[in-house]
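Trainee: sequence below, structure please.
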Amino acid sequence: MELSVAKIFGDNMVLQRGKKIAVWGAAESGSNVTVRLKDKEVTTTAEDNKWMVELPPMEACTGCELQVKDEKGNSITIKNVAIGEVWVASGQSNMEMPMYADADYEDAKNDADYPDIRFFDYPRVSYEGQLDDEDYSEYGFWRTLTKDDIDYFSAVGHYFAKVLHKDLKVPVGIVGCNWGGSPAAAWMHESYLTGDLECYMKDNEEVLKDLDWDSYLKDFKADRERQTSPQGREFYRNMMKTPMLKPMKFEFKIDEKKMKQYMNGPYSPFRAAGLYHTMLEKIIPYTIAGVIWYQGEADTHRAHLYDKLFGEMIRCWREAWNDDFPFLFVQLAPFKALEASNCDSFVPIRAMQEKVSKTVPNAYMACIMDVGMEYDIHPKKKKPVGERLALLALGKVYGRDILCESPEAVDIKKSKGSLTVTFDHAGEGLHVEGDRIDSLELFVDGKQIDDFAVNVDGSKLRIDSSLIDEDSSVELRFAWVDYCVDNLYNSAGLPAKPFVLRS
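Mentor: The predicted structure is shown next:
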């Protein structure tokens, strides 16, 4: 067996500063493998044709070489290695969305000259051996942020990295590991899908019961050929790049059996525990600072389980890496055309996402309720998404004394004729962009009331209505709908989180 390193190790890579650096690969069992970076050198012996070492923590730098050699004189030299901050960018299509589809693409391309911002996109592989079956020549290696390579960057990852790089003044590497349409269960080891979450694995088992393998493989191969053909690639590019200004309409009937095979078949990227083994596992234990995550659209059909599912996924990843790293994620954006996109309401998922941010340690949520699109599940403005995730990173991970969280309604007080709502994270005060607050709904004794006035005063919101009485049952909802335009902000320009308060 020839000496090799894992796919993620290559020229232009970024390694994590300040932590032990894991390096691994393959070699003949029993052979000694030595890894050298800067003035540090570690030797190990390969077992079962695999080897791994941990280099000691190092400070940020650029222009290094990583050398790997065995006792037979075989060697690998990886050039232009940087040490800085490394973040995994994962989820489904809104994290996958390339820079060429971003609304601010032209401005970003004109500013694409950052040799120390780098991006590795793990090939989208849903079964073992697929790397040999298809052309992945555009993926699986490190790119630097230049005009030639910016198209390949995750848009969210690009904007996130740029903010970190400018503030921290160190190299930043983004490791893309994502797949459009993937549910959270696809990114988990099966041992975490038990109890209430066992239903995800049972979906896989149900498909296997009466699967016609020949027919399934024929359909799967034909579908992959369509997706990877020049026409398929052009369709994907146009779908991501062109704003959807009206609801999509599908005139064909869906074969339920084939749809289940498509979603949960043994080669499907959407099957439970699938992408964990075919993609995520391949980058573990690459040393990282943390994870940024944008996902949830594919899990609306079981929204009631999402807090447990997402929480267990985070635990799965942290235990796999043996690192309680920060997990920064995006609350789903406003979107109306649910039926056309085979989605249920986003409202319950958003509530579960906020619950995770409250119950899972070191997990923080970015609100983007002001940048959704009514009929497009892929909002084209990814700059605020990446920048808000970066703001969370700077405040929660890197210790900057900044306002990095969205306003959060924490208390409601009722008096005759008025309600007073108090917010955390208002900064120097709340403000409304426009003439009035959108998507604020008032219910008194179960009846929706349209006639009320709203005043903003510092960190408080006052709602006045003659129909509010001290004995009334009152419910106040904000942005508690599938689509709206959130226009209530704090002094850092961050939109208020959706809420329901009762008194």
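
Trainee: got the confidence number for K257?
Mentor: If you check K257, the pLDDT there is 89.

Trainee: N342 too?
Mentor: 69.

Trainee: how about the one 3 residues further on?
Mentor: Each residue has a pLDDT score; the one for S345 is 91.

Trainee: show the subsequent helix or strand relative to the helix or strand containing R224.
Mentor: Here R224, judged by DSSP states H and E, is contained in helix 213-228. Counting by DSSP H and E, the element after helix 213-228 in chain order, helix or strand, is helix 230-241.

Trainee: in the chain, where is pLDDT below threshold?
Mentor: Counting by pLDDT under 70, the chain shows low-confidence ranges at 249-253, 339-342.

Trainee: so K460 touches V421, yeah?
Mentor: Yes - here K460 lies in contact with V421, judged by Cβ atoms under 8 Å, at a distance of 6.6 Å. C-betas here are computed from N, CA, C, even on glycine.

Trainee: returning to what we had before: helices or strands up against the helix holding R224?
Mentor: helix 230-241, helix 256-264 (3 or more Cβ pairs under 8 Å, 6 or more residues apart in numbering; DSSP states H and E).

Trainee: buried residues in it?
Mentor: Going by neighbour count (16 or more other Cβ atoms under 10 Å), the buried part of helix 213-228 is Y216, F220, R224.

Trainee: Three-state assignment for the residue nearest the centre of the chain, please.
Mentor: Compute the mean C-alpha point of the chain, and by Cα atoms, centre = their mean the closest residue is W293, 2.0 Å away. Three-state assignment for W293 (DSSP: H, G, I helix; E, B strand; the rest coil): strand.

Trainee: what about the helices in this structure?
Mentor: Residue ranges of the helices in the chain, as given by DSSP state H, are 93-96, 105-110, 130-133, 155-168, 198-209, 213-228, 230-241, 256-264, 274-275, 281-283, 306-321, 347-359, 383-392.

Trainee: can you put those in a markdown table and add distance to I83?
Mentor: As requested, the helices of the chain are exported to a markdown table (distance: least, Cβ to Cβ, whole Å):
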| stretch | distance to I83 |
| --- | --- |
| helix 93-96 | 25 |
| helix 105-110 | 25 |
| helix 130-133 | 28 |
| helix 155-168 | 12 |
| helix 198-209 | 38 |
| helix 213-228 | 36 |
| helix 230-241 | 33 |
| helix 256-264 | 41 |
| helix 274-275 | 28 |
| helix 281-283 | 18 |
| helix 306-321 | 18 |
| helix 347-359 | 30 |
| helix 383-392 | 20 |
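
Trainee: nearest to S406, out of those helices?
Mentor: Distance to S406, taken as Cβ to Cβ, is lowest for helix 383-392 among those, at 8.2 Å.

Trainee: and L193, how many neighbours does it have?
Mentor: By other Cβ atoms under 10 Å, the residues close to L193 number 23.

Trainee: now it: how far from R315?
Mentor: 12 Å (Cβ to Cβ, to the nearest Å).

Trainee: quickly list what the residue nearest to the centre of the chain is bridged to.
Mentor: S90, F329 (DSSP bridges).

Trainee: that older thread, make JSON lines from the buried residues of helix 213-228 and add distance to A298 to it.
Mentor: Compiled in JSON lines, those are given as follows (distance: Cβ to Cβ, whole Å):
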{"residue": "Y216", "distance to A298": "21"}
{"residue": "F220", "distance to A298": "19"}
{"residue": "R224", "distance to A298": "19"}
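
Trainee: out of those, which is nearest to G18?
Mentor: R224 (41.1 Å).

Trainee: report the separation between the residue lying closest to G274 once chain neighbours are set aside and L309.
Mentor: For G274, ignoring the flanking residues on the chain, the nearest one in space by Cβ to Cβ, 6 or more residues apart in numbering is A186 at 5.2 Å. Using Cβ to Cβ, we find A186 at a distance of 11 Å from L309.

Trainee: so which of the two has more stuff around it?
Mentor: Comparing A186 with L309 by other Cβ under 10 Å, the one with more neighbours is A186, at 29 against 24.

Trainee: that one against Y276, yeah?
Mentor: Yes - the criterion here is Cβ under 8 Å, and A186 meets it with Y276 at 7.0 Å.

Trainee: K460 and V421: which is more packed in?
Mentor: V421 (23 against 16).

Trainee: burial count for F310?
Mentor: Counted with other Cβ under 10 Å, the neighbours of F310 add up to 26.

Trainee: what about it, distance to Y122?
Mentor: Separation of F310 from Y122 (Cβ to Cβ): 21 Å.

Trainee: repeat that for K396.
Mentor: Distance, K396 to Y122, using Cβ to Cβ: 26 Å.
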